[in-house]
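Peer 1: let me see the structure of the following:
(chains A and B)
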Amino acid sequence: MPPSIPKGTRDFTPEQVNRRNYIFDTIRKVFVAFGYQPIETPAMENLSTLTGKYGDEGDKLLFKILNNGDFLDKADADALAARDSSRLAPSIAKRGLRYDLTVPFARFVVMYQHEITFPFKRYQIQPVWRADRPQKGRYQEFYQCDVDVVGSDSLYYEAELVQIYDSVFHKLGLPVAIKLNNRKVLSGIAEVAGIADRFVEMTVAIDKLDKIGIEGVRTEMLGRGIDATSVAIIEDILQITTIDALKTRLAASETGAKGVEELETVFDYLSLAPVHNEVRFDVTLARGLSYYTGCIFEVAAKGAQMGSIGGGGRYDNLTGVFGLKGVSGVGVSFGAERIYDVMLELGLFPDDAAAGLQVLFVAFDEATHRYAFQALSQLRAAGINADLYPKPVKLAKQMEYANKRNVPYVVVVGSEEMAQGQYTLKNMQSGEQERVDLAGLLHCLRERG
RNA sequence: GUGGUUAUAGCUCAGCAGGUUAGAGCAUCGGAUUGUGGUUCCGAAGGUCGUCGGUUCGAGCCCGAUUAGCCACCCCA
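Peer 2: Next comes the predicted model:
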């Protein structure tokens, strides 16, 4: 039986972990620089915390954890007899794996509301799980990197989050387009088109514009029961590229006008500080998630065929479902897995020698092995990443190991070196060697490490 | 949940109209080389061709089922 791992999950090699950490570290540093604090929440939540928060589709994609012990004892007998899985599930699974970081965060805020100082700025980098069918850039276990602020409706934070996106992707050397829209603008469009009641259908269709084109969106909207006149109005508005033009067009809708005003405020803040990446208003940005109420964000990598690598928005009432009303939040998420894939594709990871081993000691016999061990210990104490081949075997074998470990330097110690209190330091790239004493060794490795 | 596609050595893949003993590269191990690796040369080991069934004198190849991976849709990071 060959070993395997569950569908949609992955192992990571040392090289991959180093690269992933490079991304996580970069993101974390930016979060901290903007004044956000870390929290962590459990991998599993009570199922009741999760269900009903992501729509019917989301509920289907929740991983449920079978109760321990005699779980059939408390199973819903009727549901079991009727073979009704969805009704049976809550009676045999009280816990589930978290589906995202936003809902657990909302729960956290409600539970700790008396300890939290608002506005509360938190970041969270943890894995989430979805029972989705895996495909390219899509896994059942993946990391999200979330930053959110709750307890303030200031549009300053929308601008700040755009700056965070800009800063992270600038540091990673990954050029992106940061797209902004506003849920109220989309509401306004629905109103102006006279289909306020079909708002959700409209946004779902518009969201696919990139993928299926304007023709596809038209077909989709017509198929979802939106009449041709309304579709024509919507199509017309989707051609708009500037906020000014949109302002005129949506003047008749109070909500729409409010959305436009919010966008203006955000762009006004952004005009006061330089950004490195393209930041643009995009009426066609919709995003499916139903809890967004104000500004919405999405990030697309330039020069790579990949879905969005980040997204987020303003949600006025996220904590409401947990009993805390009137707390507004806004946040964005970084899709670390997709960022990884894109950076790999574009060759943007830096050469990663610094994170690895700097020097390997090789010895010829027991005596020199002991001698090498002493020097090794001193290098390690001095903060140099050093290792010693475990046994004084044939030198070629040890050198081969050094090669595979990709070590820049090898220290060869034989009886001659030991007799003189010296070491042979070999540069594995150039092949050059020099004899040095311990001080020289420390000096050279510090210098070139 | 729907559709497509693939499954042969540890990895990446060949394979013929259905026809003896299923191949290559890389990786592994040994040797050329008992104080020097990444390049070279020689050799070895490694497989019930995903699983089960069917057609056939004969199946890695054809048919059916099943499992798993990948890709796309729904949805999403």
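Peer 1: excluding its backbone neighbours, what's nearest residue A:331?
Peer 2: Excluding its sequence neighbours, the residue lying closest to residue A:331 (C-beta to C-beta, 6 or more residues apart in numbering) is residue A:148, at 2.9 Å. Every C-beta, even on glycine, is put in place using the N, C-alpha and C of the backbone.
Peer 1: can you confirm that neighbour is in a strand?
Peer 2: Yes - when classified by DSSP: H, G, I helix; E, B strand; the rest coil, residue A:148 is found to be part of a strand.
Peer 1: which bits of the stretch 51-200 of chain A sit near RNA strand B?
Peer 2: A:55, A:57-58, A:61, A:100, A:130, A:132-140, A:142, A:144 (C-beta under 7 Å from any atom of the strand).
Peer 1: which ones among those are found in strands?
Peer 2: Within those, residues falling in strands by DSSP state E are A:142, A:144.
Peer 1: now the buried members of the residues of the stretch 51-200 of chain A next to RNA strand B.
Peer 2: Among these, those classed as buried by 16 or more other C-beta atoms under 10 Å are A:58, A:100, A:130, A:137, A:139, A:140, A:142, A:144.
Peer 1: state the distance from residue A:442 to residue A:139.
Peer 2: Distance, residue A:442 to residue A:139, using C-beta to C-beta, to the nearest Å: 44 Å.
Peer 1: I meant to write residue A:224 there.
Peer 2: Per C-beta to C-beta, residue A:224 is found 30 Å from residue A:139.
Peer 1: ends of stretch A:417-430, what's the gap?
Peer 2: End-to-end distance for stretch A:417-430: 21 Å, by C-alpha to C-alpha, to the nearest Å.
Peer 1: next one: stretch A:327-343
Peer 2: OK, stretch A:327-343 end separation, C-alpha to C-alpha: 37 Å.
Peer 1: now check it, is it near RNA strand B?
Peer 2: Yes - Stretch A:327-343 is in contact with RNA strand B by C-beta under 7 Å from any atom of the strand, via A:333, A:335, A:337, A:338.
Peer 1: the third one contacts residue A:142, correct?
Peer 2: Yes - distance between residue A:337 and residue A:142: 4.6 Å, which falls inside the contact criterion (C-beta atoms under 8 Å).
Peer 1: picking that back up, now the buried ones among the residues of the stretch 51-200 of chain A next to RNA strand B as CSV including pLDDT?
Peer 2: Compiled in CSV, those are given as follows (pLDDT from 0 to 100):
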residue, pLDDT
A:58, 85
A:100, 93
A:130, 92
A:137, 81
A:139, 89
A:140, 91
A:142, 92
A:144, 93
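Peer 1: find the nearest non-adjacent residue to residue A:151, please.
Peer 2: In this structure, residue A:151 finds its nearest non-sequential neighbour in residue A:118, 2.8 Å apart by C-beta to C-beta, 6+ apart.
Peer 1: pop the domain breakdown of chain A in here.
Peer 2: When chain A is parsed with automatic domain parsing, its domains come out as A:14-44+A:99-346, A:359-448.
Peer 1: out of these, which gets nearest to residue A:86?
Peer 2: With C-beta to C-beta as the measure, domain A:14-44+A:99-346 is the member of the domains of chain A nearest residue A:86 (13.3 Å).
Peer 1: how many other residues sit next to residue A:356?
Peer 2: 14 (other C-beta atoms under 10 Å).
Peer 1: list the contacts of it.
Peer 2: For residue A:356, the contacting residues are A:18, A:385, A:405, A:406, A:407, by C-beta atoms under 8 Å, 6 or more residues apart in numbering.
Peer 1: inside helices: which ones of those?
Peer 2: Counting by DSSP state H, the contacts of residue A:356 place residue A:18 in helices.
Peer 1: want to try CSV for the contacts of residue A:356, with pLDDT and neighbour count as columns?
Peer 2: Listed next are the contacts of residue A:356 as CSV, based on pLDDT from 0 to 100; neighbours: other C-beta atoms under 10 Å:
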residue, pLDDT, neighbour count
A:18, 86, 15
A:385, 92, 16
A:405, 84, 14
A:406, 84, 12
A:407, 88, 22
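Peer 1: what ranges do the helices span in the stretch 301-449 of chain A?
Peer 2: A:336-345, A:366-381, A:395-404, A:415-420, A:438-448 (DSSP state H, counting those that start in this stretch).
Peer 1: for residue A:389, which of the ones you listed is the nearest?
Peer 2: Of all these, the one in closest proximity to residue A:389, counting by C-beta to C-beta, is helix A:395-404 (4.5 Å).
Peer 1: I'd like the average pLDDT over the closest one.
Peer 2: When pLDDT is averaged along helix A:395-404, the result is 87.
Peer 1: for that helix, packing partners?
Peer 2: strand A:359-363, strand A:409-413 (3 or more C-beta pairs under 8 Å, 6 or more residues apart in numbering; DSSP states H and E).
Peer 1: now the last one against helix A:438-448, angle please.
Peer 2: Relative orientation of strand A:409-413 and helix A:438-448, computed by axes from the mean of the first three to the mean of the last three C-alpha atoms, to 10 degrees: 170 degrees.
Peer 1: what's the offset of strand A:409-413 from the middle of its chain?
Peer 2: Centre-to-centre, strand A:409-413 and its host chain are 41 Å apart (C-alpha atoms, centre = their mean, to the nearest Å).
Peer 1: do it and RNA strand B meet?
Peer 2: Yes - contact of strand A:409-413 with RNA strand B is found when judged by C-beta under 7 Å from any atom of the strand, involving A:410, A:412.
Peer 1: which elements pack onto that strand?
Peer 2: strand A:359-363, helix A:366-381, helix A:395-404, strand A:423-427, helix A:438-448.
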